[in-house]
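[1] Fold the following.
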Amino acid sequence: MTVRLGWLSTGRDAAARSLLADIVARARADELPLDVSGVFCDRERGESEQSDQFLDLVDSLGFAAVTLSSAASWQTAQAQGASRQEWRVAFHDEVM
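    Residues are numbered from 1 along each chain as shown. Below you'll find the model as predicted:
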């Protein structure tokens, strides 16, 4: 039986990288068929050195990365006069 999952992370620090790397390493060590269908990150390349390193790890593991900048989305929403709650709902809808 293959374990299929999607991974969501901001990738904001070394712990985010370690968690993903450790889960993958453990699955391989235990010979657990793991299929990470995709990794979603709410930061895009260039926003943070830490999240760039996280996305590098995702690439090195051969997983598909999907990014959508929450910071850029929030900035746009603010310029349009949206409340944080309105933005959050719209952002999560876009992520889905």
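[2] Could you use CA atoms for every contact and neighbour count after this?
    Fine.
[3] which residues touch the longest helix anywhere in the chain?
    Assignment by DSSP state H gives helix 14-29 as the longest helix of the chain. If you take Cα atoms under 8 Å, 6 or more residues apart in numbering as the criterion, helix 14-29 is touched by 9-11, 33-34, 50, 53-54, 57.
[4] Recalculate using a threshold of 6 Å.
    F54 (Cα atoms under 6 Å, 6 or more residues apart in numbering).
[5] And the next helix or strand past it?
    strand 34-41 (DSSP states H and E).
[6] partners of that following strand in the sheet?
    Strand 34-41 sits in its sheet next to strand 3-9 (parallel), strand 65-67 (parallel), going by DSSP bridges.
[7] if we can go back for a sec, now the longest helix of the chain: buried residues?
    Neighbour counts over helix 14-29 (16 or more other Cα atoms under 10 Å) mark 16-17, 20-21, 24 as buried.
[8] Quick one: work out the angle between that helix and strand 3-9.
    When axes from the mean of the first three to the mean of the last three Cα atoms, to 10 degrees is applied, the directions of helix 14-29 and strand 3-9 differ by 170 degrees.
[9] name the element Q75 belongs to?
    With DSSP H and E as the criterion, Q75 is inside helix 70-79.
[10] Relative to the whole chain's centre, how far out is the helix or strand that that helix is followed by?
    The C-terminal neighbour of helix 70-79 among helices and strands, as given by DSSP H and E, is helix 84-95. Between the centre of helix 84-95 and the centre of its chain there are 16 Å (Cα atoms, centre = their mean, to the nearest Å).
[11] Helix 84-95 packs against which elements?
    Helices and strands touching helix 84-95, as assessed by 3 or more Cα pairs under 6 Å, 6 or more residues apart in numbering; DSSP states H and E, are absent.
[12] 8 Å - rerun?
    helix 70-79 (3 or more Cα pairs under 8 Å, 6 or more residues apart in numbering; DSSP states H and E).
[13] taking the mean pLDDT, what do you get for the helix it packs on?
    In this model, helix 70-79 has a mean pLDDT of 97.
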